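# Sequence first, predicted coordinates after that:
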Amino acid sequence: GKEDYRNFKIDDRPIDLPIERTGSWSTGEFGTTLEDVMSLATKAAFKRRGEEKMAGRTAVVFDYSVAQANSHWTMVSPDGRQYNPAYDGAVWIDTETRRVLRIEQRTTAFARDFTISRAECKLQYAYARIEQKSYLLPSSSENIGCMSGSGACTRNAIEFRNYKKFSTDSNITFGK
């Protein structure tokens, strides 16, 4: 129900992982994107579009829009500046389970002096079997970012697969 972002450490020492600073990159595939769009603070305006088949299931499709003043979708330019643009999108909700099967969002406006001119995000969910149980999890994501003036765009495509369960047992004992 919650994503966790933190610096990795081994034996309480930071490890040297490359930090992504260019191109299209994302966070939020496991829930924070959905949580933010559905949050009261975002004040998304929803309008029912109709029904569609999605992954063999019937889904109700809602179009939505978010004003720039309520946006929490953060764009980071190559020079490190940040901007939260207005955006719109759509969400597909399974009519039977009431679970989200897909969410899309695309920017509608940027500040004139910002180096990014367009961004899109598409996130698809599918059922995955883990130890004989079925879980609705991200199956794919695509993020596109385009630069102002040059028309150059970057694309980050993610495919989630081979989900596995990891577990351990532990005992805690206290002296005296």
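Cool, the structure landed.

# number of nearby residues for residue 175?
3 (other C-beta atoms under 10 Å). Backbone N, C-alpha and C define where each C-beta goes, glycine included.

# With residue 111 instead?
Counted by other C-beta under 10 Å, the residues lying close to residue 111 total 11.

# now the one 5 residues further on
Residues near residue 116, counting by other C-beta under 10 Å, number 21.

# Check residue 91 too.
Residue 91, neighbours per other C-beta under 10 Å, totals 23.

# Tell me which other helices or strands the helix or strand hosting residue 129 touches.
Using DSSP states H and E, residue 129 sits in strand 116-130. Judged by 3 or more C-beta pairs under 8 Å, 6 or more residues apart in numbering; DSSP states H and E, the packing partners of strand 116-130 are strand 100-109, strand 133-147.

# so of those strands, which one's packed in deepest?
strand 100-109 (a mean of 20; mean count of other C-beta atoms under 10 Å).

# Please state the mean pLDDT value computed over it.
In this model, strand 100-109 has an average pLDDT of 94.

# Strand partners (parallel or antiparallel) of that strand?
When pairing is defined by DSSP bridges, strand 100-109 lines up against strand 86-94 (antiparallel), strand 116-130 (antiparallel).
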